[in-house]
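Novice: Got a predicted structure here, sequence first:
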Amino acid sequence: MHHNSYAMKIHILACGGAVMHNMAIALHQLGHTISGSDDEIFEPALSRLKSHGILPESFGWHPEKITKALDFIILGMHAKADNPELEKAKSLGIKVYSFPEYVYEHAKNKIRVVIAGSHGKTSTTAMIMHVLKTLHKDFDYLVGSQLEGFDTMVKFSDAPIMVIEGDEYLTSALDRVPKFIKYKPHYTQITGIAWDHINVFPTFENYVDQFAQYIDTIEKDGELVYFNDDKVLKALCEKAQVKARAYDTPKYENNNGVVTVLKDRAYPLAVFGEHNLQNMEGASLLCENINITQTEFYQAMASFTGSARRLEKVFENDHLLIFRDFAHSPSKLKATVEAVRQQYPDSELMAVFELHTFSSLSQDFLPHYQDTMELADKAIVYFNPLVFEHKKMPILTLDQVTKGFHSDIEAINNTSELIAKINNFKGNVSGQHRVLLLMSSGNFDNTQLW
């Protein structure tokens, strides 16, 4: 491919983002000359760019960096349409790729395997990457968060396959279509459709339509695998112009906290939760397209411990288990509480959820959380009033939150009260085994809760 034939000069506009700084590092490692700009860069991006010698000398936008000497520019998601560097690039006629367009450009001669859906994308992508790595297969990848065992979130090489986490969020300020429209997969898995991005997609119909458009981009000799139990998704996939296969929850057993999937034989796993098993089943079908047998797949999965921030066990003793999960949307919240309840049916379960994202803090969206935590014995929904000020949003009352979730939950907006409740639960006197589940896309105001 032309990438490796000669070193190019590439400028990365908005290079501080999670994916963008990884892309900068990946291209730098291929021997290209990388420059970049951003108005602010935080850790860990700051140190990582610095260690590779590609951290911009100063923050801000510097149109003088944009010259005819550049081969092209890659535009990050956070740049605005009137960015001064972008204006300069347009006036000079320099080629500008959005980041998903560049990923396609890099992978256009490879087999493209894309994982899409409203939830479980990162975990499912992590599973496939784990299997390929365990089986010593050579592959490139793009994944939405830093995974254990992988140095970067992006790998570019001359590998024959690229595994891509396909995000339905918008491509860039110039190009208001979902990123996954750009990838043109040969093989794709869709895990489910749940409307979680109300600030981007105004209606559920509009959100579903993005997936319909995505299905139309699959290469004609390709294959689509999808979760059979999602009615909206099933209706879309049954109309697909390509080969489509549905998957369900596989047969499994749970013995003393170890889940075993039952196929031609029993395969023990290190992860649990029906949503994980469903995603895994879909991933195993997807991998058949790249010559990985079911046996190879499930044998490799035995050593998969999950992706970071998804149901991480952070503390364990004889009578207490504490899990931390990065859940925030209603569908993820419900799946996480259900998974823990199924796994520990006889334990006393306390679930604590922090309202933190734009959607979860908006009063109109709260009813979507109805009954998401009903399987917990004690459910607490916590929010910090300062977050509303920071996001310039009208503050919710404790009563509104209680009504939105369910009358059985307890709403708390005071950190010391939250800590007291949690400590009381942890100071177990009854002798019954307890499980504490902490869920947030934030970090509980940096409070140490275990």
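Specialist: Cool, got the structure. The structure displayed is predicted, hence computed values, not measured ones.

Novice: give me the element the residue most central in space within the chain is part of.
Specialist: Here the mean C-alpha position of the chain is nearest to the C-alpha of Thr122 (CA atoms, centre = their mean), at a distance of 4.1 Å. For Thr122, the element it lies in under DSSP states H and E is helix 121-134.

Novice: list the helices and strands that helix packs on?
Specialist: Secondary structure elements in contact with helix 121-134, counted by 3 or more CB pairs under 8 Å, 6 or more residues apart in numbering; DSSP states H and E, are strand 111-116, strand 161-165, helix 274-288, helix 294-301. C-beta coordinates here come from the backbone N, C-alpha and C atoms, glycine included.

Novice: low-scoring stretches of this protein, by residue?
Specialist: Across the chain, the ranges flagged by pLDDT under 70 are 1-5, 173, 196-200, 257, 307-309, 358, 429, 445-446, 450.

Novice: mind listing what's buried in stretch 136-145?
Specialist: The neighbour-count criterion (16 or more other CB atoms under 10 Å) identifies Lys137, Phe139, Asp140, Tyr141, Leu142, Val143, Gly144, Ser145 as the buried residues of stretch 136-145.

Novice: Now it - C-alpha only, PDB.
Specialist: Extracted as PDB, the C-alpha positions of stretch 136-145 are listed here (Å, rounded to 0.1, in the frame of the first residue of the first chain):
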ATOM      1  CA  HIS A 136      -1.200 -15.400  16.700                       C
ATOM      2  CA  LYS A 137      -3.100 -13.900  13.800                       C
ATOM      3  CA  ASP A 138      -1.800 -10.700  12.300                       C
ATOM      4  CA  PHE A 139      -4.400  -7.900  12.300                       C
ATOM      5  CA  ASP A 140      -4.800  -4.100  12.500                       C
ATOM      6  CA  TYR A 141      -7.400  -2.600  14.700                       C
ATOM      7  CA  LEU A 142      -9.300   0.500  16.000                       C
ATOM      8  CA  VAL A 143     -11.000   0.300  19.300                       C
ATOM      9  CA  GLY A 144     -12.700   2.900  21.500                       C
ATOM     10  CA  SER A 145     -10.700   2.500  24.700                       C
END
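
Novice: Quick one: distance of it to the chain centre.
Specialist: Taking CA atoms, centre = their mean, to the nearest Å, one finds stretch 136-145 lying 14 Å from the centre of the chain it belongs to.

Novice: Pull the residues that contact that stretch.
Specialist: Under the contact criterion CB atoms under 8 Å, 6 or more residues apart in numbering, stretch 136-145 has outside partners 18-19, 103, 106-107, 110, 121-122, 125-126, 129, 132, 150, 153-157, 159-165, 167, 290, 292, 307-309.

Novice: Select only the buried ones of those residues in PyMOL?
Specialist: Of the contacts of stretch 136-145, the buried ones can be selected in PyMOL as follows, counting by 16+ other CB under 10 Å:
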select buried, resi 19+103+106+107+110+121+122+125+126+129+132+150+153+154+155+156+157+159+161+162+163+164+165+167+290+292+307
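
Novice: Wasn't His159 part of a strand?
Specialist: Small correction: residue 159 is Ala, not His. No - with DSSP: H, G, I helix; E, B strand; the rest coil as the criterion, Ala159 is assigned coil and is not in a strand.

Novice: element containing the nearest residue to Ile422 once chain neighbours are set aside?
Specialist: The spatially closest residue to Ile422, leaving aside those adjacent along the chain, is Leu449, at 5.8 Å (CB to CB, 6 or more residues apart in numbering). Leu449 belongs to no helix or strand when assigned by DSSP H and E.

Novice: ok, Leu449 to Thr415 distance?
Specialist: Taking CB to CB, to the nearest Å as the measure, Leu449 and Thr415 are separated by 10 Å.

Novice: more neighbours, the two?
Specialist: Under the criterion of other CB atoms under 10 Å, the comparison of Leu449 against Thr415 puts Leu449 first, with 18 against 14.

Novice: That one: what's it in contact with?
Specialist: Ile322, Val352, Ile419, Ile422, Leu438.

Novice: ok, now which ones touch Leu286?
Specialist: Taking CB under 8 Å, 6+ apart as the test, what Leu286 contacts is Val113, Ile115, Ile128, Tyr187, Thr188, Gln189, Glu223, Val225.

Novice: can you give me the helices in the stretch 101-250 of the chain?
Specialist: Listed in chain order, the helices of the stretch 101-250 of the chain (DSSP state H, counting those that start in this stretch) span 121-134, 204-215, 231-238.

Novice: actually the stretch 351-450 of the chain, not the one I wrote
Specialist: Assigned by DSSP H, counting those that start in this stretch, the stretch 351-450 of the chain shows helices spanning 385-390, 398-405, 415-426.

Novice: wait, which of those is closest to Gly76?
Specialist: Proximity to Gly76 (CB to CB) singles out helix 385-390 among the helices of the stretch 351-450 of the chain, at 22.8 Å.

Novice: residues near the nearest residue to His186 once chain neighbours are set aside, how many?
Specialist: Distance criterion CB to CB, 6+ apart; nearest residue to His186, sequence neighbours excluded, is Gly222 at 4.4 Å. Gly222 is flanked by 22 other residues according to other CB under 10 Å.

Novice: What separation do you get for Gly222 and Glu165?
Specialist: From Gly222 across to Glu165, the span is 17 Å (CB to CB).

Novice: Equivalent analysis for Ser347, please.
Specialist: In this structure, Ser347 and Glu165 are 33 Å apart, going by CB to CB.

Novice: ok, what's across the strand from the residue nearest to Asn228 when sequence neighbours are not counted?
Specialist: Take Asn228 and drop its neighbours on the chain: the residue closest to it by CB to CB, 6+ apart is Ala246, 3.7 Å away. Under the criterion DSSP bridges, Ala246 forms beta bridges with Tyr226.

Novice: who's in contact with Ala246?
Specialist: Per CB under 8 Å, 6+ apart, neighbours of Ala246: Val225, Tyr226, Phe227, Asn228, Lys234, Cys237.

Novice: tell me, how many neighbours does the second one end up with?
Specialist: By other CB under 10 Å, the residues close to Tyr226 number 28.

Novice: next one: the last one
Specialist: Under the neighbour criterion other CB under 10 Å, Cys237 is assigned a count of 22.

Novice: separation between the closest residue to it other than its chain neighbours and Val435?
Specialist: Excluding its sequence neighbours, the residue lying closest to Cys237 (CB to CB, 6+ apart) is Tyr226, at 4.4 Å. When CB to CB is applied, the distance between Tyr226 and Val435 equals 32 Å.
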